[in-house]
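In: Sharing a model prediction with you, sequence too.
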Amino acid sequence: MASDRGQSEDFSGPLKRLLLGVLLLCLLGLFLVWRIDSPRVERFRAQVVDRVVPRMDWAMAPVTGAVKVLRDFQSYQRMYQQNQDLRRELQQMKAWKEAALQLEQENARLLDLNKVQLDPRLTYVTGVVMADSGSPFRQSVLINVGGRDGIMEGWAAMDGLGLVGRISGLGRSTARVILLTDTSSRIPVTVQPSGQRALLIGDNSLAPLLDFVEAPDQVRPGDRVLTSGDGGVFPAGLVVGQVFADPGGRMRLRIAADYERLEFLRVLRSFARERIDDPGDLIVPPQGPAPDITAEAGDG
Amino acid sequence: MADAGALSLWFMRAVYAGIAGGLVFVHLLPLDARPPGWAGPDLFIALTFAWAVRRPDYVPPLLVAGLALMMDLLFQRPPGLWAALTLIGTEALRRRAPALRDRTFAADWAAVAGVLVAITLGYRLVLTLLLVDQPALGLSLMQLLSTLIAYPLVALGSHLVLGVRKSAPGDLATTRRLP
C-alpha cells in the first residue's frame, strides 16, 4: 500500500505542478484582467454575488434576527435609563413637530404662490439589506432589489433618515450599496446655511471627511449638509448629516442615517436630467418670410 | 480499506469546504454597517495553513484556489490576487510539511508566520505597483497580527475537534483514522 502510494505520487508530481502553475496563472490573469478592464470583471463579480448570496438568505435572515433579538434583550437591562432618555427626546420632538407643521404650511403656501413644479419622477424602490461587505476594509451592503426592479448604477440609497450611499454593482436580483464611509465614496454636497459646495470623502471611519470646501471658515460645526446634485448623478437636496470638527480640527460629518441598524433602504429613481447644450439660436417665426431670407443669403 | 481511506479523505475535504462556507456566512451577516475600526483574524488563511502543515492532502490546491477566489469575489477584494498568494503560501508550507513533521509547534508557528508576512507584503507590494487602492496599513497589520495570534487556537481546535494532527513517523501507511 505504502509503495503503491509512493509510486502514484511519483507519477502525479509533474502533473500536480502543472495543475498548480495553471491555477496560479488563471488567478493572476484574472487579477490583471480586473486591473485592465475593471467594469467587465466587476459585472462578473456582481453576477456571482447575485447567484450566491440569495441562496444563503434563508439561513441569514433568522440568524441576523436572532442576534438582533439578543442585542435588544441586552438593552432591556438599561430600560429605566432609556425610558428617561426617550421621554426627554419626545419633549424636544414635540416642539420640533410644531415647528415642522408650521413650516410645512408655510412651504405649501409659498409653493402655491410660486406655482413650483416638484419633480414627479423622484420615486423610490425599497429593498431589504441582505448582507454586508464581509470585510473590515470595505463598507457596503447588499440589498435584495436589482436590475429586474429597474435599479441602475449610481442611484442614491436612503434609509428613513438620510442618505446611506450609492448603488455600485448590480446583479439581476441584488444590488450593492457603497456606503458613505467606504474609502471609494465621494459625494458632492452643499453645506447649509452658507451654501458652500464641498466633497464628502469616506475614509473607513464612521464620520466621513468634508473636503474641498470653497471657504472653510464659513462652515461651522452643526451646519446641515445636503447633497448638491453636482455632476448629475445624485438628486439634489437629500439630507446627509451634520458637520462637526474632529480633535485634529478637520471638518467631518455626523451621518444622519442610522448605520447601526440598516434594514430597509430606499433607492431613489433618478433619471438623467436633460442637458442644455446649444448656446441658443435666433428665434424665428415658424412660417412666413424665413425661407426667403435663407434662400437670398444662399444666393448672395 | 482503500475505500475507507479515500472516504475519510474526501470527508475531511468536505469539512474544510464547509468551514470555509460557514466563515463566509458569518462575515456576510448584516449586523452592523458601521466601520469596525479594527480587523479580526483571517480565519480561512489560518485554517488553510494549519491544515497544510498537518495534513496537506486535506487541502488540495484546486479546492483552496476555488474557495479563496470565491472569497475574493464576495468580500470585494481585487479578484484573484489574494487567492493566488494564498495558494502560493499553502504550497510553500506543503513543501515544508515533511520537515516540520517532527519539529515543535514553535517551529511550525514560525514557518506559518514567515509565509503569512511574506504574502501580506507581496499583496501590498503588487497593489502599490499597479496603483490599486488598498486598505489602510494599520488595518492590514492588525489583521496580520490577529491571524497569527489566532493560528494556535485554530490549530488546537482542528487537532482536538476534527482530529487533524501531524502524521507520526511510520503512520503514513496506516492512516485510516476516521474523524
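Out: It's in. Numbering: from 1, shown residues only, chains lettered A, B, ... in the order given.
In: that's a helix at B:L145, yeah?
Out: Yes: using DSSP: H, G, I helix; E, B strand; the rest coil, the assignment for B:L145 is a helix.
In: Check the gap between it and B:R95 for me.
Out: 25 Å (Cβ to Cβ, to the nearest Å). Every C-beta, even on glycine, is put in place using the N, C-alpha and C of the backbone.
In: CA atoms of stretch B:106-117 as CSV?
Out: C-alpha atoms of stretch B:106-117 as CSV (Å, rounded to 0.1, in the frame of the first residue of the first chain):
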residue,chain,number,x,y,z
ALA,B,106,7.0,26.8,17.8
ALA,B,107,8.9,26.0,14.6
ASP,B,108,5.5,25.3,12.8
TRP,B,109,4.2,28.7,14.0
ALA,B,110,7.3,30.5,12.9
ALA,B,111,7.1,28.9,9.5
VAL,B,112,3.5,30.0,9.1
ALA,B,113,4.3,33.5,10.4
GLY,B,114,7.1,33.8,7.8
VAL,B,115,4.8,32.8,5.0
LEU,B,116,1.9,35.0,6.1
VAL,B,117,4.1,38.1,6.5
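In: Now A:D258: phi and psi?
Out: phi -90, psi 90 (degrees, to the nearest 10).
In: got it, and A:I167?
Out: Phi and psi for A:I167, reported as degrees, to the nearest 10, are phi -70, psi 130.
In: give me the number of residues near it?
Out: 22 (other Cβ atoms under 10 Å in any protein chain shown).
In: surely it meets A:D149?
Out: No: contact criterion Cβ atoms under 8 Å: A:I167 and A:D149 do not qualify, at 11.2 Å.
In: remind me, longest helix of chain B?
Out: helix B:2-28 (DSSP state H).
In: tell me what that helix is packed against?
Out: Packing partners of helix B:2-28 (3 or more Cβ pairs under 8 Å, 6 or more residues apart in numbering or on different chains; DSSP states H and E): helix A:38-76, helix B:43-54, helix B:61-74.
In: my guess is A:I187 is in a strand, correct?
Out: Yes: per three-state DSSP, A:I187 lies within a strand segment.
In: In space, what's closest to it - neighbours in sequence excluded?
Out: Leaving aside its chain neighbours, A:I187 sits nearest to A:L200 (4.3 Å; criterion: Cβ to Cβ, 6 or more residues apart in numbering or on different chains).
In: what's near enough to touch the residue lying closest to A:R138 once chain neighbours are set aside?
Out: Closest residue to A:R138 apart from its sequence neighbours, by Cβ to Cβ, 6+ apart: B:Q76 at 4.3 Å. By Cβ atoms under 8 Å, 6 or more residues apart in numbering or on different chains, B:Q76 lies in contact with A:45, A:133-135, A:138, A:140.
In: Mind picking the one among those that's closest to A:A95?
Out: When the contacts of B:Q76 are ranked by distance to A:A95 (Cβ to Cβ), A:S140 comes first, at 37.3 Å.
In: who's in contact with the closest residue to that closest one other than its chain neighbours?
Out: Setting aside the residues directly before and after it, A:S140 is nearest to A:S133 in space (Cβ to Cβ, 6+ apart), at 4.4 Å. A:S133 sits next to A:139-141, B:75-76 when contact means Cβ under 8 Å, 6+ apart.
In: rerun that using 10 Å as the cut-off
Out: Neighbour list for A:S133: A:139-142, A:176-179, A:182, B:27-28, B:30, B:33, B:74-77 [criterion: Cβ atoms under 10 Å, 6 or more residues apart in numbering or on different chains].
In: Over to A:D72?
Out: Per Cβ under 10 Å, 6+ apart, neighbours of A:D72: none.
In: Give me the below-cutoff pLDDT ranges for chain B.
Out: By pLDDT under 70, the weakly predicted segments of chain B are B:1-2, B:167-179.
In: Would you map the strands across chain A?
Out: Taking DSSP state E as the test, the strands found in chain A are A:124-132, A:140-143, A:156-158, A:163-170, A:175-179, A:186-192, A:196-201, A:209-211, A:224-227, A:239-245, A:251-255, A:264-268.
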